[in-house]
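Visitor: here is my input, please return the structure:
(chains A, B, C and D)
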2 protein chains.
Amino acid sequence: MPLPSTYADRNCSLARSLEVVGERWTFLIVRDAFYGVRRFGDFATQLGIPRAVLTGRLKSLVQEDVLTRDDDGAGTVEYRLTAKGIALWPIVHALMNWGDTFYSPAGVKRTLSHDQDGGLLDQEGRCQECGVVVPVPEIRVEPGPGFDPTDPVHDPVSKAINTPRRLLEPVMTPRIPRADES
Amino acid sequence: MPLPSTYADRNCSLARSLEVVGERWTFLIVRDAFYGVRRFGDFATQLGIPRAVLTGRLKSLVQEDVLTRDDDGAGTVEYRLTAKGIALWPIVHALMNWGDTFYSPAGVKRTLSHDQDGGLLDQEGRCQECGVVVPVPEIRVEPGPGFDPTDPVHDPVSKAINTPRRLLEPVMTPRIPRADES
DNA sequence: CTGACCGGTTCAGTCATTGAACTCGTCCAC
DNA sequence: GTGGACGAGTTCAATGACTGAACCGGTCAG
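Guide: Numbers count the residues shown, from 1 in each chain, chains lettered A, B, ... in the order given. Got it, this is the predicted structure:
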């Protein structure tokens, strides 16, 4: 139940990966985490995912050490990516590329660039200015030419993640200021 | 029904990709296609997927132009990757890398190399000998140090794809020789 | 004390998945 | 041309997962 019933393919790393992140919704949760979403309610409203399902997914992601769960004891909880979770970035990036290539005639929906020098990222995640594989916290996201602004976006969380920002930077949270942010 | 109920996220290429390839089993089917599996029965036995589900998945993959369906009129059918399907390779590669990194203490389960010069592929799919991003048909797969040979593999299809080979090379098929193979 | 906010649970209805058995057409050997 | 083997699906009952909406309990500000 925590993981999907096994794919029974001991010798395939792909199957092993899918057991952890291959369920419906899971990748969307991880994507939101890259975009700086950290709170239960923010995931729920931004994704429109049933809360019961979200509970289950977050639980198994924490159990698999993809996310950590910080409970401040005052009723607020923060989920954030671990190193293992951040290592999922190439997969997320590749999925976004494929979607942009084949389903975004008007151009990419979000551009990724190197925050340090503004260079655009190529398909392999390399900065076209300085040639480096850009570390996740240095990646800047902003709406690209294929972005559809007529999309009726009501919730403040969606607004926040559609604003130019660096990955992993937390979306503004009314409460819980926390000192340990970069 | 053909696609999973929409993620209702018009502005995310990742969501769009997942609507096509994000369902349970779909990535495993695509992986097998890269390994040269082409026939309905071979997918079914190799993956242990219920045949009814396989039917549905193949149908939507064909509909989305990820696979083509060749019916020779003599009762044999071949599914094979289109260019759009082959473009999924970076995703498949990234998923395998992540699985190998975090769930394969004994080493990678399958090594990927450049068939031309034997150079190993790095995380970005580049040949470490000649520095080129290796095109899919030139990629050679073979069991790596993390491969578990004690795995009871009975069916000939699994045996075939665990033998050193190039991607997309069809697994031996008793019938349907076809002339247009490389 | 009260009302707003937050994380999370409960529950009935619906939908997808499973696994096993079955259909139907082609081919091959006799 | 008939029987058997094979291949690609279909059918169906049982089970499991997902959905959506309502609900619960704790914390905090006024």
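
Visitor: can stretch A:137-149 be found next to chain B?
Guide: Yes. For stretch A:137-149, a contact with chain B is found by CB under 8 Å from any CB of the partner chain, at A:143, A:147-148. Heads up, the C-betas are built off the backbone N, CA and C, glycines and all.

Visitor: so what's the gap between that stretch and the chain middle?
Guide: Distance of stretch A:137-149 from its chain centroid, counting by CA atoms, centre = their mean, to the nearest Å, is 13 Å.

Visitor: quick one, helices of chain A?
Guide: Secondary structure of chain A (DSSP state H): helices at A:13-21, A:26-34, A:40-47, A:51-63, A:83-86, A:89-103, A:156-161.

Visitor: tabulate the ones you listed (CSV), appending distance to chain B, mean neighbour count and mean pLDDT.
Guide: Formatted as CSV, those follow (distance: least, CB to the nearest CB, whole Å; neighbours: other CB atoms under 10 Å in any protein chain shown; pLDDT from 0 to 100):
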stretch, distance to chain B, mean neighbour count, mean pLDDT
helix A:13-21, 3, 23, 95
helix A:26-34, 5, 22, 97
helix A:40-47, 7, 19, 94
helix A:51-63, 13, 16, 97
helix A:83-86, 6, 16, 98
helix A:89-103, 3, 21, 97
helix A:156-161, 9, 19, 85
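
Visitor: turn those helices into a markdown table, columns for distance to B:Q46.
Guide: Formatted as a markdown table, the helices of chain A follow (distance: least, CB to CB, whole Å):
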| stretch | distance to B:Q46 |
| --- | --- |
| helix A:13-21 | 12 |
| helix A:26-34 | 25 |
| helix A:40-47 | 34 |
| helix A:51-63 | 27 |
| helix A:83-86 | 29 |
| helix A:89-103 | 23 |
| helix A:156-161 | 40 |
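
Visitor: which residues does A:A33 contact?
Guide: A:A33 makes contact with A:67, A:79-81, A:85, according to CB atoms under 8 Å, 6 or more residues apart in numbering or on different chains.

Visitor: which of those residues fall within strands?
Guide: Within these, residues falling in strands by DSSP state E are A:67, A:79-81.

Visitor: report the two of the residues you listed separated the most.
Guide: Using CB to CB, those reach their maximum pairwise distance at A:Y79 and A:L81, which is 8.4 Å.

Visitor: what's the overlap in contacts for those two?
Guide: The contact sets of A:Y79 and A:L81 overlap at A:33, A:67 (CB under 8 Å, 6+ apart).

Visitor: the residue nearest the centre of chain A: what's its closest spatial neighbour, skipping adjacent residues?
Guide: Centroid check for chain A by CA atoms, centre = their mean gives A:R31 as the closest residue, at 1.9 Å. Of all residues not flanking A:R31 in the chain, B:L14 sits nearest, at 5.3 Å (CB to CB, 6 or more residues apart in numbering or on different chains).

Visitor: that neighbour touches A:A94, doesn't it?
Guide: No. Using CB atoms under 8 Å, B:L14 is not in contact with A:A94, being 9.7 Å away.

Visitor: and chain A, split by domain according to the record?
Guide: A:13-85, A:89-166 (automatic domain parsing).

Visitor: can you put these in a markdown table and add distance to DNA strand D?
Guide: A markdown table is the format used below for the domains of chain A (distance: least, CB to the nearest atom of the strand, whole Å):
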| stretch | distance to DNA strand D |
| --- | --- |
| domain A:13-85 | 3 |
| domain A:89-166 | 15 |
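
Visitor: can those go into a markdown table with extra columns for distance to B:P50?
Guide: Shown next, in a markdown table, are those (distance: least, CB to CB, whole Å):
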| stretch | distance to B:P50 |
| --- | --- |
| domain A:13-85 | 16 |
| domain A:89-166 | 26 |
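
Visitor: report the contact partners of A:L120.
Guide: A:L120 touches A:111-114, A:127-128, counting by CB under 8 Å, 6+ apart.

Visitor: check the residues you listed and tell me the two furthest apart.
Guide: Taking CB to CB, no two of these sit farther apart than A:T111 and A:C127, at 12.7 Å.

Visitor: I appreciate the help and will end here.
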